[in-house]
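quick one: sequence plus predicted model below, questions after.
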Amino acid sequence: MTRIEAQHLAHLSALDDAYADKLGRYGYDGVVIYSGHAHLHFGDDHAGSFASFGHFLHWVPLAGTQHSWLLIRPGHRPVLQWHMPQDFWHLSTPVPDEAWVKHFDIIESNASSPPSLPPGRYALLGDVPSEQAQSMGVELNPEQLWIALDELRVRKSPYEVACLREANGLAMAGHQAARDAFEGGAAELDIQLAYLAASRQRETEVPYQNIVGRNEHAGVLHYQHYDIRPAERRYSLLVDAGHRSRGYCADITRTWSGHDSDVRFQALLEGMNALQQNLVRRIAPGVHFVDLHWQMHEQLGRLLKEQGLIDCSVEAAIEQGVTYAFCPHGLGHLLGLQVHDVGGRRGPDGTALPPPDRAPALRLTRELETGMVVTIEPGCYFIPMLLAPLRETKVAHDIHWEAIDALTSHGGIRVEDNVHVTETAYENLTPSAD
């Protein structure tokens, strides 16, 4: 048995105990978890890409599993009804020969219908029609139980951290290939293909659509296209791309300057890399993530001033919205079976923790705890629609618009690592690009 297989069995054993506690607390005899399935496009016989439901993946490490059901009952072995249709159109996925399989009673089924349930009170979690839940006699997606099980995913087990570490290593191989392709003058589509080849994954398997933004496209936060022609000028490249390992997601961003880059952009990129690592070093249990977010804005304001882009004080840059125009998104989020993992805006007791009014996009608003895995992804962008309104305010005379206009063609900078909160500090799961 490999180390990760042993860690997985320990993870499952801990889940047995944790689910027994949560189910008992809310008076359930068991819970049924549906893997989910791909849905057909309207008026079509073609389905979109698919990833299994997160709470199903918390037990079963196969992100593409469809039409399968998991029954958890305290005091009993988990039952996994594995969908194995007799089909000549598609190849059914067999039960893998891995150690975790022995933790379950596995029923191979040609049908996609749910398993029969023993007498008792059951909850059902997943994307299931209410009519089906009624016919099963179960409670569909009860909020209290859902929130409690979300909380079990906030702090990662050693097995989960190992999966995330593996996903990061594979993703970074893709980032290195993307950088090499960019330096060779490749088009965005070719950079994307280089990433997929080096990270050994299909486009339908990535945890989110890869962002491959060259030049001004680096300033579109979730840029979704891939130019098929090389650019005449190579100012910059931003790649935000990940990988899945046993269902767990890497989420890494790197930005590189190009052959034609402005020297001011190169200096700003060096400063952003240093800023990001400084924030990573501040991670520890007990640190509030909202405070880290404000520290990002303070350091960004200082960097903009040092690089000669603004003249006002750091305090004025934050107060008058200058730093928000350069970085409109949050510092980061929880990471795990989902890229934006669950539990980021709720406390351990389920209390809602909404983002501050000045940071509505912040997805993590709680204190850091041992076992959490978070992203740290500060940014600095030259987005005309956000910067243009500042030209009409009293802070306009404190901004060097000539430099801003020259850098707009470079789009922007984002640097993102995946960081594990340890008992005393942190472990950066993202390997160096060098």
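Arrived safely.

list the buried ones in stretch 352-368?
Going by neighbour count (16 or more other C-beta atoms under 10 Å), the buried part of stretch 352-368 is 355, 359, 362, 363, 364, 365, 366, 367, 368. All C-beta spots, glycine's among them, are computed from the backbone N, C-alpha and C.

so where do the strands sit in the chain?
30-34, 69-72, 79-83, 105-109, 122-125, 139-140, 211-214, 236-245, 248-257, 373-376, 379-381, 412-414, 417-421, 426-428 (DSSP state E).

and the third one, what does it pack onto?
When contacts are defined as 3 or more C-beta pairs under 8 Å, 6 or more residues apart in numbering; DSSP states H and E, strand 79-83 packs onto strand 69-72, strand 105-109.

out of the ones you listed, which one sits most buried?
Across the helices and strands packed on strand 79-83, averaging neighbours per residue (mean count of other C-beta atoms under 10 Å) puts strand 69-72 on top, at a mean of 24.

for residue 154, find the nearest of the strands of the chain.
Across the strands of the chain, residue 154 has its closest neighbour in strand 373-376 (9.4 Å, C-beta to C-beta).

mind checking how far that closest one is from the chain centre?
Centroid separation for strand 373-376 versus its chain: 9 Å, with C-alpha atoms, centre = their mean, to the nearest Å.

what do you get for stretch 159-169?
13 Å.

now for residue 305, how many residues are close by?
16 (other C-beta atoms under 10 Å).

pull the contacting residues for residue 398.
Contact analysis of residue 398 by C-beta atoms under 8 Å, 6 or more residues apart in numbering lists 310, 311, 312, 316, 322.

now the two most distant members of these.
311 and 322 (10.6 Å).

show me which of those two is the more surrounded one.
Shown here are residue 311 and residue 322; by other C-beta under 10 Å, residue 322 has more neighbours (24 against 14).

wait, doesn't that one sit right on residue 301?
Yes - using C-beta atoms under 8 Å, residue 322 is in contact with residue 301, at 7.2 Å.

find residues that contact each of these two.
By C-beta under 8 Å, 6+ apart, residue 322 and residue 301 have these common neighbours: residue 310.

between the buried residues of stretch 352-368, which sits nearest residue 217?
Nearest to residue 217 among the buried residues of stretch 352-368, counting by C-beta to C-beta, is residue 363 at 23.3 Å.

for that closest one, what are its contacts?
Contacts for residue 363 (C-beta under 8 Å, 6+ apart) come out as 330, 332, 333, 334, 340, 344, 345, 355.

show me where the stretch 1-150 of the chain has its helices.
Assigned by DSSP state H, counting those that start in this stretch, the helices in the stretch 1-150 of the chain fall at 3-25, 54-57, 130-136, 143-152.

can you tell me how far residue 350 sits from residue 115?
Separation of residue 350 from residue 115 (C-beta to C-beta, to the nearest Å): 29 Å.

now swap in residue 139 and tell me
17 Å.

ok, now residue 164?
31 Å.

higher neighbour count, the two?
residue 164 (25 against 15).

leaving out the residues flanking it, which one is nearest to that one?
Leaving out its chain neighbours, the residue that sits closest to residue 164 by C-beta to C-beta, 6 or more residues apart in numbering is residue 248, at 4.9 Å.

now for the one you found, how many residues are close by?
28.

pLDDT weak spots in this protein?
433-434 (pLDDT under 70).

give me the distance between the longest helix anywhere in it and the centre of its chain.
Assignment by DSSP state H gives helix 158-183 as the longest helix of the chain. Using C-alpha atoms, centre = their mean, the mean C-alpha position of helix 158-183 is found 14 Å from that of the whole chain.

which secondary structure elements does that helix contact?
Helix 158-183 sits against helix 3-25, helix 188-199, strand 236-245, strand 248-257, strand 373-376, strand 417-421, with contacts defined as 3+ C-beta pairs under 8 Å, 6+ apart.
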